[in-house]
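I'll drop the sequence and a predicted model, then ask my questions.
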Amino acid sequence: MSEWIDRSITELCVAVVDCVNKTAPSQTEPTPFKMLRTPNVRNGWVDTSNVKYVDAPTYKKWTRRMVPAPGDIILTREAPFGDVGMLRSADRVFLGQRLVMYRPDSSECDPHFLMYSMMGPTVQAELKSLGSGSTVEHLRVPDCEKITVPCPPLSEQQKIGAVLRALDDLVENNRRRVELLEQMARTIYREWFVHFRYPGHADVPLVDSALGPIPQGWSAESASRAIAINPRIELDRTIDHPFISMGDLDENGMSCRPSNSRRSGSGSRFERGDTLFARITPCLQNGKTGLVQSLDRGVVGMGSTEFIVLRGSHVGEAYTYCLARESDFRQHAIASMSGASGRQRVRNECFDTYIIPVPDRTLSEKFETIATPLLDQVRTLHDENDKLGSLRDALLPKLVTGQIDVSELDLDALVSEAVAS
């Protein structure tokens, strides 16, 4: 193997830029100008979708030191401390508070190698040693330039960066497929059950109902009649049960996988096919809703006390999940919230007054036969991403510290083995 040399991060970058040390005034409506915050930087990526927006003058003022560009590396200095991500989009973003940006010099280092090295054990340990603060650990701005990075020759850096980037690209490709598949299911739901443009709709007249005009043969029912709210489930307290916390729910998709297990205790209970609906602010407003797919049939899961469990009775599992993602349904639940400011909760009674169209059994089953395979593919892709992520996490610390010779690595074989396991 080639010789590795410790190099200062200032030698590897053309610029190290700190954020403006105050909060930018944000806009209530989306604009082309996006403010990055510490939650946007995670595990090698910079999320440019869940952001706050500013106007053009604010963007110009907050980027006067440097305009972020694709390939820039961003480090969180506090809350959380030490997260690293690379900006991959050309969106017009700027640094919010507690962020620092590194612009790699491609003649001195491979940008991806640098980013992965900053995520690796050597640099992370150094960040910990530089960090300060007895209550909240943080990195002082001057210390952001004191980082040293173990570096092999540039050609080897490029190979290491390419291997780890290839794994991240596979994960990102799957993530985009997940978004598309879920969007397809939800689009079909809206077409059939919101706009009533289902197969054969032209031959079915609309009739009056408590909901307004609905197709003949359908019924208008309260959500609490068509869907079981927090169904009663017996819990075997002699065995461990998979536990899904609020943090395990995604804000934009249906993924919700157990992070640990519990034998007993208070909280929600659910089974495969149930929908988990966050009942507390701001989790509901942020979109936390999941479809339980990771449990085997018959296995009882446990979860946060702040979940409402929804189980279709007159409608199917896919219908129930898609309904729970609908803006009108969510806004109705939010309007029912009560309790102290900042800790308000949805009242279960709100589902008694939300009326939904319930199709005839034939059409309901037809929707489930179309939507369920789409959502099953989402689960498969999430499983694959978990395995790819574990492979990357296993390789990263060894590659960026020279414990593995990258020239001897058969990535295709490793990926095939990981996905098949």
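Looks like it came in fine. Numbering: from 1, shown residues only.

mind listing what the closest residue to Pro25 other than its chain neighbours touches?
Using Cβ to Cβ, 6 or more residues apart in numbering and skipping residues adjacent in sequence, the residue nearest Pro25 is Thr58, 6.1 Å away. Backbone N, C-alpha and C define where each C-beta goes, glycine included. Contacts for Thr58 (Cβ atoms under 8 Å, 6 or more residues apart in numbering) come out as 24-25, 33.

give the buried subset of the residues you listed as a ChimeraX selection command.
Listed next is the ChimeraX selection for buried residues among these, using 16 or more other Cβ atoms under 10 Å:
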select :24,33
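
could you dump the contacts of Thr58 into JSON lines and include distance to Glu368, secondary structure and pLDDT?
As requested, those are exported to JSON lines (distance: Cβ to Cβ, whole Å; DSSP: H, G, I helix; E, B strand; the rest coil; pLDDT from 0 to 100):
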{"residue": "Ala24", "distance to Glu368": "46", "secondary structure": "coil", "pLDDT": "96"}
{"residue": "Pro25", "distance to Glu368": "47", "secondary structure": "coil", "pLDDT": "96"}
{"residue": "Phe33", "distance to Glu368": "43", "secondary structure": "strand", "pLDDT": "97"}
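
outline the domain layout of this structure.
Domain segmentation of the chain under automatic domain parsing yields 5-151, 154-199+361-421, 219-358.

could you dump those domains to JSON lines with distance to Leu211?
Formatted as JSON lines, the domains of the chain follow (distance: least, Cβ to Cβ, whole Å):
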{"stretch": "domain 5-151", "distance to Leu211": "31"}
{"stretch": "domain 154-199+361-421", "distance to Leu211": "11"}
{"stretch": "domain 219-358", "distance to Leu211": "4"}
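
of those, which is nearest Asp208?
Closest of these to Asp208 is domain 219-358, at 9.5 Å (criterion: Cβ to Cβ).

any idea of the mean pLDDT for the closest one?
Domain 219-358 shows a mean pLDDT of 94.

switch to numbering from 25
Understood, numbering begins at 25; the last thing we discussed is domain 243-382.

what about it, how long is it end to end?
5 Å (Cα to Cα, to the nearest Å).

now do stretch 270-289
For stretch 270-289, the end-to-end distance is 16 Å (Cα to Cα).

which residues does that stretch contact?
Residues outside stretch 270-289 that contact it (Cβ under 8 Å, 6+ apart) are 73-74, 202-203, 206, 259, 261-269, 300, 302, 304, 307, 310-319, 325-326, 328, 330-331, 345, 399, 402, 406, 410.

chain center to that stretch: distance?
12 Å (Cα atoms, centre = their mean, to the nearest Å).

and Asp264, how far is that from Ser362?
Distance of Asp264 to Ser362, computed by Cβ to Cβ, to the nearest Å: 35 Å.

quick one, which of those two is more surrounded?
Set side by side, Asp264 and Ser362 show more neighbours around Asp264, with 12 against 9, by other Cβ atoms under 10 Å.

burial of the nearest residue to that one once chain neighbours are set aside, as a residue count?
With Cβ to Cβ, 6+ apart as the criterion, Asp264 has its nearest non-adjacent residue at 4.2 Å, and that residue is Ser285. Residues lying near Ser285 (other Cβ under 10 Å) number 12.

now do Gly291
Neighbours of Gly291 under the rule other Cβ under 10 Å: 19.

I'd assumed Gly327 was in contact with it.
Yes - the pair Gly291 / Gly327 is scored as a contact, 5.6 Å apart, by Cβ atoms under 8 Å.
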